[in-house]
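Trainee: Got a sequence here, can you build the structure:
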Amino acid sequence: MFKVLAVFAVTLTVTATSVAGQAKAGCQSNCGNTSIPYPFETGSTDCNISKRFFIRCNTSFNPPKAFLTTSDIEVLHISLNGYLRIQYSVGYDCYNSSGSAYYFYAGFRLSKFLISHTRNKFTAIGCDTYAYVEGFTGRTYSTGCVSFCYDVADLVNRSCSGIGCCQTALPKGVTDYELSFDSYWKHSKVLSFNPCSYGFAVEDGAYSFSVSDLSNINFSKRKFPIILDWTIGNQSCMEAKMDVDNYACKQNSDCIDPENGRGYLCKCLHGFQDINECETLKPCSGTCHNLPGSYNCSCPKGFEGDGRKKGTGCNPKVKQHFPVLVGTLG
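Mentor: So this is what the prediction gives:
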């Protein structure tokens, strides 16, 4: 028997001095298939707001994968509407005929980001399952749900009413997530078709219960998306507008106060949209640099041209050969 408790601590503080959504010129704007908008950045230290606020791009994967700072929490999507989608592991508590065999109590702690209480559900599956979620950083909370059944015939696909699967909401304003389990009969009455209890936070609608999940020994290897809320700084819109030098919402954007947590967000005015031309248009044959409302292209060393697909592109520089003049002196 062994126990694994995994808790990742991520500390993030935002102090924005540019318009949210606009990557700095020359900075990497994506990691593999994941777009990295400002204030999130990856690449060199010049592109980051601070060394604690960046997306780590792991190029050992093909395509590369984005991770939250130095943690092993994978980032799937970053939205300028104030949320980001991460991917996280399933917790489990498994038994055999001799009793407890192995279990994994998953968890993570975030000091800046909040776990969205409107976009996630805590989900537990099993037929002898008590699943608990607790948090102790910032705000102390405890919640969970109970799932029971005695016969596989009682189970219904896509139903999470407490028979084989249960779901509950997560509290508002929490930054950590620590999972644990209990089992009344140690699954002894349902061992033939359900040896394990599983628990996980998941984006609302991203998981649909299947009866086959209860007997699937590979379910413990799955990961599910979780939505985190993010904001800029710790000031409200009213406070931020008074700090002109550091106020992030510039031209054609307005400030909005979030529903969850402190800080603020920048939202484009009606008729305007933050566009990364490098990603949407792919206009360059060379390197593309996204700029506020525009872009430019450049060629690598040893090449010349405007770098644009509809321009002169990038061509190897041609070495000039000067003619040899032969003179006859008499």
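Trainee: Can you show me the helices along the chain?
Mentor: Applying DSSP state H to the chain gives helices spanning 237-242, 277-280.
Trainee: right, so these: which one is the most enclosed?
Mentor: helix 277-280 (a mean of 16; mean count of other Cβ atoms under 10 Å). The way it works is simple: take the backbone N, C-alpha and C, and place the C-beta from them, glycine included.
Trainee: Flag every buried residue along stretch 310-319.
Mentor: 313-314 (16 or more other Cβ atoms under 10 Å).
Trainee: Show me the contact partners of that stretch.
Mentor: Stretch 310-319 has contacts (Cβ atoms under 8 Å, 6 or more residues apart in numbering) with 283, 285-286, 297, 299-300, 302-307.
Trainee: Spatially, what comes nearest to residue 94 if we skip its sequence neighbours?
Mentor: residue 196 (4.1 Å; Cβ to Cβ, 6 or more residues apart in numbering).
Trainee: picking up where we left off before, spatially, which two of the contacts of stretch 310-319 are the most separated?
Mentor: Maximum pairwise distance among the contacts of stretch 310-319 (Cβ to Cβ): 21.6 Å, between 283 and 302.
Trainee: Looking at these two, which is more packed in?
Mentor: Between residue 283 and residue 302, counting by other Cβ atoms under 10 Å, residue 283 is the more crowded of the two (16 against 8).
Trainee: helices and strands around the longest strand along the chain, which ones?
Mentor: Longest strand in the chain, counting residues (DSSP state E): strand 99-110. Packing partners of strand 99-110 (3 or more Cβ pairs under 8 Å, 6 or more residues apart in numbering; DSSP states H and E): strand 2-10, strand 83-89, strand 91-96, strand 176-182.
Trainee: got the buried residues for the third one?
Mentor: The neighbour-count check on strand 91-96 (16+ other Cβ under 10 Å) flags 91-95 as buried.
Trainee: For residue 237, state which of the residues you listed is nearest.
Mentor: residue 91 (38.0 Å).
Trainee: what is the rounded mean pLDDT of stretch 124-134?
Mentor: Mean pLDDT, stretch 124-134: 97.
Trainee: still on that earlier bit, list the contacts of the residue nearest to residue 94.
Mentor: Counted by Cβ under 8 Å, 6+ apart, residue 196 has contacts 92-95, 126, 187, 214, 219-220.
Trainee: which residues does residue 182 form a beta bridge with?
Mentor: Beta-bridge partners for residue 182, by DSSP bridges, are residue 130.
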